[in-house]
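Novice: coords please:
(chains A and B)
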There are 2 protein chains.
Amino acid sequence: MIDVCLLGTGGTMPLKNRWLSSAVFRYNGHCILTDCGEGSQIALKCAGLTFKPIDVICLTHFHADHVAGLPGMLLSMGNEGRVDPVLIIGPRGTRKVVSALMTIAPGIAFDIEIAEVENFDETFYFEGFTVTAFRVRHSVECLGYRFDIPRVGKFDIEKAKSNNVPMKIWGALQKEEEVEYENCIYTSDMVLGPTRKGLRLIFCTDTRPCEAIVHNSKGADLAVLEGMYGSEDKDERAKIAMHMTFAEAAAIAKAAGVRKLWLTHFSPSMPNPEEYIMEANSIFENTEIGFDGKFEQIHFID
Amino acid sequence: MIDVCLLGTGGTMPLKNRWLSSAVFRYNGHCILTDCGEGSQIALKCAGLTFKPIDVICLTHFHADHVAGLPGMLLSMGNEGRVDPVLIIGPRGTRKVVSALMTIAPGIAFDIEIAEVENFDETFYFEGFTVTAFRVRHSVECLGYRFDIPRVGKFDIEKAKSNNVPMKIWGALQKEEEVEYENCIYTSDMVLGPTRKGLRLIFCTDTRPCEAIVHNSKGADLAVLEGMYGSEDKDERAKIAMHMTFAEAAAIAKAAGVRKLWLTHFSPSMPNPEEYIMEANSIFENTEIGFDGKFEQIHFID
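Specialist: Below is the predicted model of the structure:
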């Protein structure tokens, strides 16, 4: 199970009730923040979440509407008592941008580690989940993010018995630990059934449609994709501004066979994105319009 | 008449309904922004104000809770069509900090002029008003700001007649223009009575009490002063953190003989500053607790 909360769903400029790009994914005591637009720390508080568990911050790119909240977020994490390092993942240049922004946030008590994604995609491994950054198509170098939570197979009592695994170490093996017991090595495949489908989530903004998004979204349980423009007549505008329409995002969701699509990063020229939901629904039915504070627990399927 | 609006009244960390340091002063078509903490552009929208008329941005110092909203504010000013230059006044180092923050806000279409205050005080002259920056006492170099709107004397018909000023040029002289008419030079002192008291406003945070604040606040119509801590038992904490208690701010207001005191920049440890109003009121009666969106028109006295 993973919690997802959209903190800010506005693009470029905020509206009164629609702030700037940020979302948070919470899994097993870890928080992953994607983007950190201005106001993200306030939105996080409003959502009833806390700063301290943020272990990873994934930046799509360096436009202010995606990153201006970073100094305040890091300061608040420190004020809440964080001492463990935080990892910031971002495009090439992240080190320079973070260093510039930290000019106004001196004295952070924890280490800030930075990973600049040099290649077209790169996967980072954490306890129980992975984060894959992949290059998308915007006016500047920009990354999309895929979060994967693998799921082990069911515990198979018959298999454990047939492999003569002592009951005393079943629990450890179920947690995928390798156990030495009475001079024998036991591995989890001796007690577990076939690996089950895990959870996959995608966060992707700002970008034109591209194969990398479809590829990474294959079988995703939730894709949070930008829909800067709702109306079909904004096709040309979307191309020029290097953004997507609702229809384009929906076409990606359909091609990738995702379970659910959330649209986000709405143009300030579109105060009521719900008006255009049919532009997406007609292509991919299970589309929802994002809003600040939209929250859902995504569960394993079986 | 000048409009004053507090955009953010929180210090250090925002609360849900109390964002970070910023206030706006609006006079005669000009807007002066003092500080620009995270979320200021959203607060400005919520207050029903617009970005384009912001001509001057006064920064007290460079801690994130006072300046992190700058890139977003400047971008939104540009998106609203501003082309005229904006002047940013701040302590020594402002050029470097603004340059660092602009890393995430490329392509601003108007010029950003920067004035670093090198001395203990410095006055800047604008059409119809002046801004005086003065050094206060914080853990880093920090400025307070005084806004003065001078007011000419009343038009004196008897004086105009006794000086043989032709009625045709009365209007121009009332506006303090010098007029040449039928080979004679006429000046405004030929038609105006003695200069009247103008308006004076003070914005001051973060600081310990100091003589510069009292001196600059003399006869002010409104002093917006920080009151980081309400409770008397936070005296020592205020000294260590280089902030003021309600009582200290009230003592300044009393010593300077201001008309009204607004407290702002409240510690996140004090969610209900109203609880401590008596700490200030008992020293300076006309004290009000600031809150996000607090708005008032300050009028000339007579």
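
Novice: Show me what from chain A comes close to chain B.
Specialist: A:12-16, A:19-20, A:38-39, A:41-42, A:45-46, A:62-65, A:67-69, A:71-72, A:75-76, A:79, A:96-97, A:100-101, A:103-105, A:268 (Cβ under 8 Å from any Cβ of the partner chain). (Glycine included, C-beta is placed from N, CA and C.)

Novice: Kindly supply the PyMOL command isolating those of these that are buried.
Specialist: Selecting the buried subset of these in PyMOL, with 16 or more other Cβ atoms under 10 Å in any protein chain shown as the burial test, is done by:
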select buried, chain A and resi 12+13+14+15+19+20+38+39+41+42+45+46+62+63+64+65+67+68+69+71+72+75+76+97+100+101+103+104+105
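
Novice: Inside strands: which ones of the residues of chain A next to chain B?
Specialist: Cross-referencing the residues of chain A next to chain B against strands under DSSP state E gives no overlap.

Novice: quick one: which of the residues of chain A next to chain B sit in helices?
Specialist: Residues of these located in helices (DSSP state H): A:41-42, A:45-46, A:64-65, A:67, A:71-72, A:75-76, A:79, A:96-97, A:100-101.

Novice: Taking the residues you listed together, which two end up most distant?
Specialist: A:Cys46 and A:Lys96 (31.2 Å; Cβ to Cβ).

Novice: Okay, now the unreliable bits of the stretch 51-200 of chain A?
Specialist: Counting by pLDDT under 70, the stretch 51-200 of chain A contains no low-confidence range.

Novice: Closest to the centroid, which residue in chain A?
Specialist: When Cα atoms, centre = their mean is applied to chain A, the residue found nearest the centroid is A:Phe203 (4.9 Å).

Novice: for that residue, helix, strand, or coil?
Specialist: The three-state label for A:Phe203, taken from DSSP: H, G, I helix; E, B strand; the rest coil, comes out as strand.

Novice: need the contact list for it.
Specialist: Contact analysis of A:Phe203 by Cβ atoms under 8 Å, 6 or more residues apart in numbering or on different chains lists A:23, A:25, A:34-35, A:58, A:60, A:144-145, A:147, A:224.

Novice: what do you get for A:Ala68?
Specialist: By Cβ under 8 Å, 6+ apart, the residues touching A:Ala68 are A:20, A:36-38, B:38, B:68-69, B:71-72, B:104.

Novice: Surely A:Glu275 is in contact with A:Phe246?
Specialist: No. If you go by Cβ atoms under 8 Å, A:Glu275 and A:Phe246 don't touch, sitting 10.4 Å apart.

Novice: Next up, phi/psi of A:Ala249, please.
Specialist: Per-residue torsions, A:Ala249: phi -60, psi -40 (degrees, to the nearest 10).

Novice: For stretch A:285-299, list the C-alpha coordinates in PDB.
Specialist: Only the C-alpha atoms of stretch A:285-299 are listed here, as PDB (Å, rounded to 0.1, in the frame of the first residue of the first chain):
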ATOM      1  CA  GLU A 285     -12.100   6.300 -19.100                       C
ATOM      2  CA  ASN A 286     -10.400   6.000 -15.700                       C
ATOM      3  CA  THR A 287      -9.100   9.600 -15.700                       C
ATOM      4  CA  GLU A 288      -9.500  11.900 -12.700                       C
ATOM      5  CA  ILE A 289      -8.800  15.600 -12.400                       C
ATOM      6  CA  GLY A 290      -6.100  16.300  -9.800                       C
ATOM      7  CA  PHE A 291      -6.600  19.000  -7.200                       C
ATOM      8  CA  ASP A 292      -4.500  20.300  -4.300                       C
ATOM      9  CA  GLY A 293      -4.800  17.800  -1.500                       C
ATOM     10  CA  LYS A 294      -6.100  14.900  -3.600                       C
ATOM     11  CA  PHE A 295      -5.200  11.900  -1.600                       C
ATOM     12  CA  GLU A 296      -5.500   8.100  -2.200                       C
ATOM     13  CA  GLN A 297      -4.200   4.900  -0.900                       C
ATOM     14  CA  ILE A 298      -3.100   2.600  -3.700                       C
ATOM     15  CA  HIS A 299      -3.400  -1.000  -2.700                       C
END
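
Novice: Buried residues of it, list them for me.
Specialist: A:287-294, A:298.

Novice: swap in stretch A:22-30?
Specialist: Using 16+ other Cβ under 10 Å as the test for burial, stretch A:22-30 gives A:22-27, A:30.

Novice: Looking at those residues, which are in strands?
Specialist: A:22-27, A:30.

Novice: Specify which member of those is nearest to chain B.
Specialist: A:Ser22 (12.2 Å; Cβ to the nearest Cβ).

Novice: Could you look up the SS state of A:Ile108?
Specialist: coil.

Novice: Cheers, nothing more for now.
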